[in-house]
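Undergrad: one predicted model, sequence on top.
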Amino acid sequence: MRGLAVFISDIRNCKSKEAEIKRINKELANIRSKFKGDKALDGYSKKKYVCKLLFIFLLGHDIDFGHMEAVNLLSSNRYTEKQIGYLFISVLVNSNSELIRLINNAIKNDLASRNPTFMGLALHCIASVGSREMAEAFAGEIPKVLVAGDTMDSVKQSAALCLLRLYRTSPDLVPMGDWTSRVVHLLNDQHLGVVTAATSLITTLAQKNPEEFKTSVSLAVSRLSRIVTSASTDLQDYTYYFVPAPWLSVKLLRLLQCYPPPDPAVRGRLTECLETILNKAQEPPKSKKVQHSNAKNAVLFEAISLIIHHDSEPNLLVRACNQLGQFLQHRETNLRYLALESMCTLASSEFSHEAVKTHIETVINALKTERDVSVRQRAVDLLYAMCDRSNAPQIVAEMLSYLETADYSIREEIVLKVAILAEKYAVDYTWYVDTILNLIRIAGDYVSEEVWYRVIQIVINRDDVQGYAAKTVFEALQAPACHENLVKVGGYILGEFGNLIAGDPRSSPLIQFNLLHSKFHLCSVPTRALLLSTYIKFVNLFPEVKPTIQDVLRSDSQLRNADVELQQRAVEYLRLSTVASTDILATVLEEMPPFPERESSILAKLKKKKGPSTVTDLEDTKRERSVDVNGGPEPAPASTSAMSTPSPSADLLGLGRPTARPHPPPGGGLLVDVFSDSASVVAPLAPGSEDNFARFVCKNNGVLFENQLLQIGLKSEFRQNLGRMFIFYGNKTSTQFLNFTPTLICSDDLQPNLNLQTKPVDPTVEGGAQVQQVVNIECVSDFTEAPVLNIQFRYGGTFQNVSVQLPITLNKFFQPTEMASQDFFQRWKQLSNPQQEVQNIFKAKHPMDTEVTKAKIIGFGSALLEEVDPNPANFVGAGIIHTKTTQIGCLLRLEPNLQAQMYRLTLRTTAGQCSARVLRLPAACAAVDLLRPLTPPAIRGKAAPRGTTSLCGCRGALSVALLVKEK
């Protein structure tokens, strides 16, 4: 096309941007006049002008005409004209175009023409656009083209890849049918291009529907066997630098990773293939070019991934480990990185763990000498993965040594790993204390709160290490420059156990106090607050230093401190030390009790930072390590595979017959649960989900469920009988979630009373990504149960099944109503029918805090009516429950008895049965201490006994002091 070549030449010869725009505008005006002219253009002219428009668009200019001319080119019988038409449409036409129907008709004609060239152009266009409209139009036709006996090989390739594209964009529109069994047999096709395209398609489909394609395993093994045993001359067209069909080999190995180990007969042949691949890796290279080694190693690493996935052949696992060990010292950086990464996974297998440990010196050397920070990070990961009781001191020492010169980007991660290993494999706890204090000294800025919290928890829980810990931190604090985290640890431990070393004249009580106080003015406010708590502990432990401490608390720098927290502590502690007797001080300031055993917060932080697929979770995979630092069983993640699974016929709205349904609680109500501690009984759900469900009774936003893999967050809004809930599914790992299917399940009793409408989510959730699902809610009538949210997906080849209750409760449709005192009691008397009233008396489980109680009533949904009840200590509320069928007035009255520490809750509604239903709502609030006082951060998850003041306590001291004064 001479005119196009001249135009391109003119554009290239433009001296400025203005000149280029002027030339383009001139050409656009010319093309527009040609298209609008009376003279009909022939196919060649249309093709030329459409090419010019396409070139102008690629230069970055908008094109708002010419689309119809491009569509007309599709009806041409000339290949070049049809090609340009499809190219223009693939680049410029979007899925919302008005021309999409004309385009679809042209594509249908080409697919029906049986001309392989035209069919190929049509399939390429469908795959390029890939819109939902095209999927609706052609998702049923393309499988027929793919499995038809008379289809050319090149068209089969295009059809397979086109169908793969449509399935990735609109999986719900690609029907599974008879063609699925026929497409599997394409793995036996003589044309390797067809086999390669079909393997990609089958791998993706098998991740969603493994049962449909399980017959592909034997065919894939058979095809793989023929490839790896063939000579490079046998597959000349598909041999890449002496490696036969490397891309197809990799795809077949990935397909096999979608399934568990096959039957013995097939497994034997697969084992031979894998052994052959490992043997070929030992052979001298047939070419010195990098392309040969890349192709060869690509097949090798994918074979090793399959060996690791099956984790059933000890011989192969050890051989794979030895092969990877050879790569640890390879001159190619990428190979060293991949070897370290694969060995991290091998270290979790009981068959290959010992083989991995033999390379510990090589890995340590890589940690010291590698130039690439990413390779050093993988070396740290591998040391962490191969660590056990036999080599823990060596690995921890090496990681501490490296920490002094480590890159800043990975220091926090190394600190967490050192802290976890030191705790997990500590036989002598004096070594653990030394390690953590050394860790704080080397990288104090990267020691998070979880690390020093955990140190304190372990020291408090183990009597045999308390004296040594006190002595060690005392010596460490004598250094001229101490990190603030060391001061925190020292202040806490000396405040609790300083008496254990007070007999030594070198660490007398006064010396301990002076040492800590010398650091006081160099610390931040939270650390100063902790030190003030240490001082009041010293008053109890060492009466001889009481005057000195009182002088410090009495000083203007404390009593008149600009920070209200420090000022409050100083005032309260000074008053406590002045008015309290020795016995009362000993009771109030007694030693902190042991912490409850639970999963290490450091491990939880590391999993949150890295994800369980990146950090080898030794707690789950190493069978021989079954005792943690505190002597209890190791924490294991919640197993979700045993959760109930809805039947395939259940639709997304859960309107089919559910197989998992919550049981109504036997007694206790939602409002009662807010103030009492009686747990509701629900169907087997994910561990911990009941507590989170209870928290949503009085709030609409937050995290509903979280484990090592998945986080479910909610954000909802309600108005009258309608609501909208946004559900956020977060992938906490770096690995994809496949076949991700959330389903809402309603019981038979709930379905008529609650309408739920939702849309499907993307079945693939990328690592670290989040997907959103919108649920529209309509309350038809009052109800008691809550729907169940069931999530099924595949992670790392393992089926996961999680069920949680969705916090849609009747009180969400509560609209507050303001009423005067006279109106309230007039209405109250009108609702005196016995069927309209429900009453419950229950004991308060926590101190009766007026403000907290008010907040709970407001959060529940009713209006809190002030100065309505004659008794000012009572709480009254009013509201209307909105449903589609009716509106239900609701009045509540909560009467506290401070002397008896009891509540009486009375509820009256205009609908007789609704009063009882509100009290029977399935909220597990009782499992959560909703009225619990604020807990200081240093002892999260642990409630101090009555009369105990923690070192980090900030709100309890004043009430304790007033209590002492009253006594």
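TA: Looks like it came in fine. Residues are numbered from 1 along each chain as shown.
Undergrad: can you pull out the helices in the stretch 201-350 of the chain?
TA: Using DSSP state H, counting those that start in this stretch, the helices of the stretch 201-350 of the chain run over 216-228, 246-256, 264-282, 290-310, 314-327, 333-346.
Undergrad: can you state the direction angle for the shortest one and helix 290-310?
TA: To tie it back to what came earlier, the one meant is helix 246-256. Per axes from the mean of the first three to the mean of the last three Cα atoms, to 10 degrees, the angle that helix 246-256 makes with helix 290-310 is 10 degrees.
Undergrad: how about the secondary structure of S747?
TA: Under DSSP: H, G, I helix; E, B strand; the rest coil, S747 falls in the coil class.
Undergrad: what about it, neighbour count?
TA: The tally of other residues near S747 (other Cβ atoms under 10 Å) stands at 22. Bear in mind the C-beta positions are built from the backbone N, C-alpha and C, glycine included.
Undergrad: again with I841
TA: The tally of other residues near I841 (other Cβ under 10 Å) stands at 13.
Undergrad: same deal with I227?
TA: By the criterion of other Cβ under 10 Å, I227 has 22 neighbours.
Undergrad: could you check how far it is from P244?
TA: Counting by Cβ to Cβ, to the nearest Å, the gap from I227 to P244 is 6 Å.
Undergrad: what touches both of the two?
TA: Shared contacts of I227 and P244 (Cβ atoms under 8 Å, 6 or more residues apart in numbering): L235.
Undergrad: so where's the protein uncertain?
TA: Across the chain, the ranges flagged by pLDDT under 70 are 95-96, 232-234, 236, 597-684, 688-689, 691, 797, 912-967.
Undergrad: next, format the helices of the stretch 201-350 of the chain as TSV and append distance to L146.
TA: Formatted as TSV, these follow (distance: least, Cβ to Cβ, whole Å):
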stretch	distance to L146
helix 216-228	15
helix 246-256	17
helix 264-282	26
helix 290-310	26
helix 314-327	35
helix 333-346	35
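Undergrad: burial count for D237?
TA: Considering only other Cβ under 10 Å, D237 is surrounded by 8 other residues.
Undergrad: ok, it - contacts?
TA: D237 touches L192, counting by Cβ under 8 Å, 6+ apart.
Undergrad: 10 Å - rerun?
TA: 191-193, 245 (Cβ atoms under 10 Å, 6 or more residues apart in numbering).
Undergrad: same check on I11?
TA: Shown in contact with I11 (Cβ under 10 Å, 6+ apart): 19-20, 23-24, 27, 55-56, 59.
Undergrad: mind redoing it with 7 Å?
TA: Applying Cβ atoms under 7 Å, 6 or more residues apart in numbering, we find I11 in contact with 20, 23.
Undergrad: just the buried positions in the helix or strand where it lies, please.
TA: Using DSSP states H and E, I11 sits within helix 2-12. Buried residues in helix 2-12, counted by 16 or more other Cβ atoms under 10 Å: 4, 7, 11.
Undergrad: just want the angle from the following helix or strand past that helix to helix 2-12.
TA: Sequence-wise, the next helix or strand downstream of helix 2-12 (DSSP H and E) is helix 17-36. Between helix 17-36 and helix 2-12, the angle comes out at 160 degrees (the same axes, to 10 degrees).
Undergrad: buried stuff in helix 17-36?
TA: For helix 17-36, a neighbour-count test (16+ other Cβ under 10 Å) marks 20, 24, 27-28, 31, 35 as buried.
Undergrad: stretch 262-276 now?
TA: In stretch 262-276, the ones that count as buried by 16+ other Cβ under 10 Å are 262, 266-267, 270-271, 273-276.
Undergrad: return the distance of the helix holding I11 from the chain's centre.
TA: 54 Å (Cα atoms, centre = their mean, to the nearest Å).
Undergrad: TSV please, covering the buried residues of helix 17-36 and showing distance to L87.
TA: Below are the buried residues of helix 17-36 laid out as TSV (distance: Cβ to Cβ, whole Å):
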residue	distance to L87
E20	23
I24	20
E27	19
L28	19
I31	17
F35	18
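Undergrad: can you tell me which of those residues is nearest L439?
TA: Ranked by distance to L439 (Cβ to Cβ), the buried residues of helix 17-36 are led by E20 at 61.9 Å.
Undergrad: residue contacts, that closest one?
TA: Counting by Cβ under 7 Å, 6+ apart, E20 has contacts 11, 14.
Undergrad: packing partners for the helix or strand containing N840?
TA: Counting by DSSP H and E, the element that carries N840 is strand 837-843. Packed against strand 837-843 by the contact rule (3 or more Cβ pairs under 7 Å, 6 or more residues apart in numbering; DSSP states H and E) you find helix 670-675, strand 902-909, helix 912-919.
Undergrad: which SS class is the closest residue to K546 other than its chain neighbours?
TA: Leaving aside its sequence neighbours, K546 sits nearest to V539 (Cβ to Cβ, 6 or more residues apart in numbering; 5.0 Å). On the three-state scheme (three-state DSSP), V539 is labelled helix.
Undergrad: and E423, helix, strand or coil?
TA: On the basis of three-state DSSP, E423 is classed as helix.
Undergrad: E895: what secondary structure?
TA: strand.
Undergrad: now do A40
TA: Secondary structure for A40, judged by three-state DSSP, is coil.
Undergrad: A502 too?
TA: Here A502 is recorded as coil under three-state DSSP.
Undergrad: what residues are up against it?
TA: With Cβ under 7 Å, 6+ apart, A502 has these contacts: 508-509, 542.
Undergrad: just the ones of the residues you listed in strands?
TA: Counting by DSSP state E, no part of the contacts of A502 is found in strands.
Undergrad: now these as CSV including neighbour count?
TA: What follows is the contacts of A502, written out as CSV (neighbours: other Cβ atoms under 10 Å):
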residue, neighbour count
S508, 16
P509, 20
F542, 19
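Undergrad: contacts for stretch 855-867?
TA: 671, 674, 697-699, 811, 814, 816-819, 824, 854, 875-879, 890, 892, 930.
Undergrad: emit the PyMOL select command for whichever of the residues you listed are buried.
TA: Burial among these is assessed by 16+ other Cβ under 10 Å; the matching PyMOL selection reads:
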select buried, resi 671+674+697+698+811+814+816+817+819+824+875+876+877+878+879+890+892+930
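Undergrad: make a markdown table out of the contacts of A502 and add distance to S287.
TA: Shown next, in a markdown table, are these (distance: Cβ to Cβ, whole Å):
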| residue | distance to S287 |
| --- | --- |
| S508 | 77 |
| P509 | 77 |
| F542 | 79 |
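Undergrad: so which of these comes closest to P787?
TA: F542 (59.8 Å).
Undergrad: with adjacent residues omitted, what lies nearest to the closest one?
TA: Closest to F542 by Cβ to Cβ, 6+ apart is P509, at 3.5 Å.
Undergrad: tell me the contacts of the one you found?
TA: 502, 538, 542, 544-545 are the contacts of P509 under Cβ under 7 Å, 6+ apart.
Undergrad: what's the distance between stretch 432-449 and the middle of its chain?
TA: Worked out by Cα atoms, centre = their mean, stretch 432-449 lies 28 Å from the chain centre.
Undergrad: and if you look at stretch 259-278?
TA: Mean C-alpha position of stretch 259-278 versus that of the full chain (Cα atoms, centre = their mean) differs by 34 Å.
Undergrad: and F57, how close does it get to Y44?
TA: 21 Å.
Undergrad: also E423?
TA: Taken as Cβ to Cβ, the span from E423 to Y44 is 78 Å.
Undergrad: which of those two has more neighbours?
TA: E423 (23 against 13).
Undergrad: you'd agree the more buried one is up against Y432?
TA: Yes - counting by Cβ atoms under 7 Å, E423 touches Y432, with 6.4 Å between them.
Undergrad: so what's the gap between stretch 788-800 and the chain middle?
TA: Per Cα atoms, centre = their mean, the displacement of stretch 788-800 from the mean C-alpha position of its chain is 13 Å.
Undergrad: if we can go back for a sec, which ones among the contacts of stretch 855-867 lie within strands?
TA: Applying DSSP E to the contacts of stretch 855-867, the entries found in strands are 814, 816, 875-879, 890, 892.
Undergrad: ok, of these, which one's closest to L531?
TA: F875 (40.9 Å).
Undergrad: tally of neighbours for the residue nearest to that closest one when sequence neighbours are not counted?
TA: Spatially, and ignoring its direct neighbours in sequence, F875 is nearest to L894 (4.3 Å; Cβ to Cβ, 6+ apart). Neighbour count of L894, defined by other Cβ under 10 Å: 22.
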